[in-house]
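[1] return atomic coordinates for the entry below.
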Amino acid sequence: MKNISYSRHRFPPHIIQHAIWLYARFTLSYRDVEDLLAERGLDISYETVRRWFLKFGEPIARNLRSNRPSPNDIWHLDEMVIFIRGKRHWLWRAVDSEGEVLDFLVQPRRNAKAALKLMRKLLKKQGFAPMQIVTDKLKSYHKALRILGMKAEHIDKKRANNRAENSHLPIRRRERKMQKFKSPGSAQRFLNIQSATYNSFYLQRHLINRSHLKQSRAKAFGVWENASAAA
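    Below you'll find the model as predicted:
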């Protein structure tokens, strides 16, 4: 984990870190973040918040990922359609059985080539092969698994992949708030930061009591502070 240099910026690091956290953590626009900061007496334009997010968001995301424990070996893969400049694209995503976002890929096609690219990226990034892969009934997954020669159990039964489909909901909310993504590159860049933040603060509140929730939340804030620490 590397500390981040905030030198030559007028505002102190904790203000910059808070603005980035607000935008990455909640379904807010840059102007919403500007208003929230203004309520605290901080005169910061939405354009400044945007530049902070683009400059510091990716190194913070890298630090967050470096501190995450390894995911489990049950992977759920799914794809959702997104429109970029009026053209249909596909957001391929993978989560584990607990909802941890493993990886994602924006592609112009919904075919075996895209599925194969996602799986290769997953295997390289995670460093191990899963014991079980859950998908919808798209045949592209079957072809990609055959090409890779993977021995994992493949489940593609109806409603078996609800975990991945439900994980699309935060992305849909952000897509509406942002009035759609502007380019495949900007979508990939934003989701890289958003997913790392989501993983750190994702708590299954219905499964834990209040005291455990408070401990987990305090731990998440500690991880965020370490990931965005100034050099």
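
[2] who does the least confident helix or strand in the chain by mean pLDDT touch, helix- and strand-wise?
    Lowest mean confidence among the helices and strands of the chain (mean pLDDT, DSSP states H and E): helix 162-167, at a mean of 84. With contacts taken as 3 or more CB pairs under 8 Å, 6 or more residues apart in numbering; DSSP states H and E, helix 162-167 sits against strand 74-84, strand 87-96. The way it works is simple: take the backbone N, C-alpha and C, and place the C-beta from them, glycine included.

[3] chain center to the first one: distance?
    The chain centroid and the centroid of strand 74-84 are separated by 12 Å, computed with CA atoms, centre = their mean, to the nearest Å.

[4] run the angle between it and strand 87-96 for me.
    160 degrees (axes from the mean of the first three to the mean of the last three CA atoms, to 10 degrees).

[5] mind exporting the C-alpha coordinates of strand 74-84 to CSV?
    Provided in CSV are the C-alpha atoms of strand 74-84 (Å, rounded to 0.1, in the frame of the first residue of the first chain):
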residue,chain,number,x,y,z
ILE,A,74,-17.7,-19.5,-5.9
TRP,A,75,-17.9,-16.9,-8.8
HIS,A,76,-21.1,-15.4,-10.2
LEU,A,77,-20.8,-14.0,-13.8
ASP,A,78,-23.3,-11.8,-15.5
GLU,A,79,-23.7,-9.1,-18.1
MET,A,80,-25.9,-6.0,-18.3
VAL,A,81,-26.6,-3.7,-21.2
ILE,A,82,-25.5,-0.1,-20.9
PHE,A,83,-25.9,2.7,-23.5
ILE,A,84,-22.9,4.9,-24.3
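
[6] sorry, back to before: turn the helices and strands packed on helix 162-167 into a markdown table, columns for distance to Gln179 and mean neighbour count.
    Output for those, formatted as a markdown table (distance: least, CB to CB, whole Å; neighbours: other CB atoms under 10 Å):
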| stretch | distance to Gln179 | mean neighbour count |
| --- | --- | --- |
| strand 74-84 | 11 | 20 |
| strand 87-96 | 15 | 20 |
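
[7] closest to Ala152 out of those?
    Nearest of the helices and strands packed on helix 162-167 to Ala152, taken as CB to CB: strand 74-84 at 8.0 Å.

[8] mind checking which helix or strand the residue nearest the centre of the chain is in?
    What sits nearest the mean C-alpha location of the chain, by CA atoms, centre = their mean, is Ser195, with 1.3 Å. Following DSSP states H and E, one finds Ser195 within helix 184-201.
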